[in-house]
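Engineer: Okay, predicted coordinates and the sequence, questions at the end:
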Amino acid sequence: QVQLVESGGGLVQAGGSLRLSCAASGSISSINHMGWYRQAPGNQRELVADITTGGRTNYADSVKGRFTVSRDNAKNTVYLQMNSLKPEDTAVYYCNADITSYGSAWYLTHNYWGQGTQVTVSS
């Protein structure tokens with residue numbers, strides 16, 4: 001069974017930094033898109049940043065220049081380096097990935113979500 005496990009959230013003061021990690025585990029054949037989304041109370045879940053297998057990245061306008069998404073394909077892990085954090089970055093951050101898993105006689109591509117990690121930025 002495929003799982004995405006996030007780590008690295010916490011409480012930080014405005015202007016500080018945090019690094020989130022998300023590791024995929026299980027019977028994984030390949031991973032295409034990997035990314036980070038966030039959801040603040042009362043808001044819809046929104047894309048923060050994503051990255052393709054080849055390293056092409058995409059960022060929300062609100063985080064450009066402050067956040068950096070990267071991945072280690074050998075470790076099936078995606079990272080989100082968050083610098084110059086602002087109180088409005090406070091949210092639950094979710095990892096997301098398109099993963100092809102396998103069994104003895106099958107392959108299946110599915111979109112997976114992590115359980116979420118809380119990031120709180122105090123002013």
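Structural biologist: Thanks, I have it. Numbers count the residues shown, from 1 in each chain.
Engineer: which stretches of the protein form strands?
Structural biologist: Under the criterion DSSP state E, the chain contains strands at 3-7, 10-13, 18-25, 28-39, 46-51, 57-59, 67-72, 77-82, 91-102, 107-113, 117-122.
Engineer: Please indicate which of the ones you listed has the most neighbours on average?
Structural biologist: Comparing these by mean neighbour count (mean count of other CB atoms under 10 Å), strand 77-82 ranks first with a mean of 22. All C-beta atoms are positioned from the backbone trio N, CA, C, and that covers glycine.
Engineer: any chance of the strands of the chain in CSV, with mean pLDDT too?
Structural biologist: Listed next are these as CSV, based on pLDDT from 0 to 100:
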stretch, mean pLDDT
strand 3-7, 96
strand 10-13, 98
strand 18-25, 98
strand 28-39, 96
strand 46-51, 98
strand 57-59, 98
strand 67-72, 97
strand 77-82, 98
strand 91-102, 97
strand 107-113, 94
strand 117-122, 98
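Engineer: so what's the nearest residue to residue 69 once chain neighbours are set aside up against?
Structural biologist: Residue nearest to residue 69 in three dimensions, not counting chain neighbours: residue 49, with 3.9 Å by CB to CB, 6 or more residues apart in numbering. Counting by CB atoms under 8 Å, 6 or more residues apart in numbering, residue 49 touches 35, 36, 57, 58, 59, 60, 63, 67, 68, 69, 80.
Engineer: can you tell me which of these lies nearest to residue 21?
Structural biologist: Distance to residue 21, by CB to CB, is smallest for residue 80 among the contacts of residue 49, at 8.1 Å.
Engineer: The closest one touches residue 19, doesn't it?
Structural biologist: Yes. Residue 80 is in contact with residue 19 according to CB atoms under 8 Å; the separation is 7.1 Å.
Engineer: Now do the same for residue 1: its pLDDT.
Structural biologist: Per-residue confidence (pLDDT) for residue 1: 87.
Engineer: So the nearest residue to it once chain neighbours are set aside versus residue 11, what's the distance?
Structural biologist: In space, and not counting its chain neighbours, residue 1 is closest to residue 26: 5.4 Å by CB to CB, 6+ apart. For residue 26, the distance to residue 11 equals 31 Å [CB to CB, to the nearest Å].
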